[in-house]
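In: Pasting the sequence and the predicted coordinates here, then a few questions.
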Amino acid sequence: MHSMPLNFLALFVLCCFVGFSYGLECNFGKNGFNQVYNTRSCPSGQNFCATIEEIDQANNVVDVTRDCVDSSTCTSNGCHDTGRNYASHYQRICCCNKNYCNGATTALTFGLPIAALTYYLYKSL
């Protein structure tokens, strides 16, 4: 009795996620301590999302950059620190390889509306 509406629901949910499966999607932006970042599809060869923090001598984060990066910057998931530069700052680079993993705010922005719409459609059937 409910096979047609359930098939429609399954097709709808599948279509929502197919758009995200073509390539890695990352948050990107600079100096965004409290901002919602933009998102973008990573170019071929850039298989990691990264959050790069510049940290001063007092261990304060003074700059944040999020973007897609290649294997010259990231080789595995996790964080590592670089050496200090001329201004005695260093960088902490955190790498991950899942969609929107370098910033939770944007992932929730996409995930919650999809979940709410799916729930609404299911309840209305």
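Out: That came through fine.
In: Make sure E54 is actually in contact with Q91.
Out: Yes: assessed by C-beta atoms under 8 Å, E54 is found in contact with Q91 at 5.7 Å. No exception for glycine: its C-beta is placed from N, CA and C like everyone else's.
In: Show the model's pLDDT score for S88.
Out: Per-residue confidence at S88 stands at 84 (pLDDT).
In: should've said Y119
Out: Taking Y119 on its own, its pLDDT is 67.
In: Kindly report the same for C96.
Out: 98.
In: Enumerate every residue touching it.
Out: If you count contacts by C-beta atoms under 8 Å, 6 or more residues apart in numbering, C96 has them with 48-50, 77, 102.
In: and which of those is nearest to V62?
Out: Ranked by distance to V62 (C-beta to C-beta), these are led by A50 at 17.3 Å.
In: which residues does the closest one bridge with?
Out: Taking DSSP bridges as the rule, A50 bridges to D67, C95.
In: Show me the helices in this structure, by range?
Out: Secondary structure of the chain by DSSP state H: the helices cover 3-18, 104-124.
In: any idea which of those scores lowest on pLDDT?
Out: helix 3-18 (a mean of 52).
In: End to end on stretch 45-59, go ahead and measure it.
Out: 33 Å (C-alpha to C-alpha, to the nearest Å).
In: Please read the previous query as pertaining to stretch 37-49.
Out: Terminal residues of stretch 37-49 are spaced 13 Å apart (C-alpha to C-alpha).
In: Fine by me, thanks again.
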